[in-house]
Each structure stands twice: as C-alpha cells, then as structure tokens.
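>>> sequence first, then the predicted structure, then my questions.
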Amino acid sequence: MINVDWQAFTPWSALGGGALIGLAAAGFVLLSGRIAGISGILGGLLSGPKSDQSWRIAFLVGMVISPLISWALFRLPAIEINAGLPTIVIAGFLVGVGTRYGSGCTSGHGVCGLSRLSPRSLVATITFMVAGFVTVYLIRHGLGD
C-alpha cells in the first residue's frame, strides 16, 4: 500500500515549477538557439571556447543562487538526505558517467529533447525513469530492511 504524506503533497507548486522550467527552457532556446541541458552547459564551460564561457557561468551561477534566494524569501521544506557521503559521491559519479554515455542529462533530454520530439531523448528519458523506478524498488524492497 502506498502512503501519501498529504502535508508534503504539493501538486500546484509542482505544476507551477514545471511550467516555469518549460518556459525557461523554451525562452533559452528561442533567445540563444541553445539547449538548456546542464551537463552540456557545464561540459562546454570546462572544454568549450572562451567566447562561450560568460553565458555558461551566468547560467550556472543562476542555478546556484536561485534556491538561495527562494530560501531567503519563502518557507521551504527541510531537506533530509538519508545517505552517507560515500553513497552520495558514488551516485554523483554514476550520474556523471551516465550523462556522458547518454549524450546528455535529464534536463537536456527530458525537458528540451522531448519538447523537440527527439526520438533519442525519448529513449533516454524512458531509460532514466525505468532505472530510477528499479533503483528505488531495490533499495526499499530488495536490498533494504
């Protein structure tokens, strides 16, 4: 049986956040002609031409500063991470490897690629989702208590 924490169930804010992400991704591609895939933006910062660095830095700084501004202005739920540092480091490494093999991350494929009707992004997004479902199931039911 699935238990829903109705105090933490926030469909309207989730819908609003998703709409803002979609609007931002659409605006970014319309105004700059570039895809708002985070791994591509970060990768281009590390290995791309110097002329591309300023907008990439501004984009990434905005991603770091935005939650801090939200935290200062609004009451946000507490963040609880039930994993140790080694688990988080290994998970981060696996995500990085996956974005290289998958030619992009969830934001690039799931938000931008699907909106462009990219078949590769559809396969990548389905793969991300299935892998996430299986991982959660195994952690909670197969490998857990």
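Structure's in. What do you need?

>>> what strand or helix carries residue 43?
helix 38-47 (DSSP states H and E).

>>> for that helix, buried residues please.
38, 39, 40, 41, 42, 43, 44, 45 (16 or more other C-beta atoms under 10 Å). All C-beta spots, glycine's among them, are computed from the backbone N, C-alpha and C.

>>> of the residues you listed, just say which sits nearest to residue 80.
The nearest member of these to residue 80, counting by C-beta to C-beta, is residue 38 at 23.6 Å.

>>> check the gap between the closest one and residue 71 for me.
20 Å (C-beta to C-beta, to the nearest Å).

>>> and what of residue 122?
In this view, residue 122 and residue 71 are 35 Å apart by C-beta to C-beta.

>>> more neighbours, these two?
residue 122 (14 against 11; other C-beta atoms under 10 Å).

>>> residues in contact with the more buried one?
Applying C-beta atoms under 8 Å, 6 or more residues apart in numbering, we find residue 122 in contact with 113, 114.

>>> 10 Å instead?
109, 110, 113, 114 (C-beta atoms under 10 Å, 6 or more residues apart in numbering).

>>> ranking helices and strands of this structure by mean pLDDT, which lands last?
Here the helix or strand of the chain ranked lowest by mean pLDDT, DSSP states H and E is helix 106, holding a mean of 80.

>>> which helices and strands sit right next to the following helix or strand past that one?
Per DSSP H and E, the first helix or strand lying C-terminal to helix 106 is helix 114-115. If contacts are counted by 3 or more C-beta pairs under 10 Å, 6 or more residues apart in numbering; DSSP states H and E, helix 114-115 sits against helix 11-32, helix 119-137.
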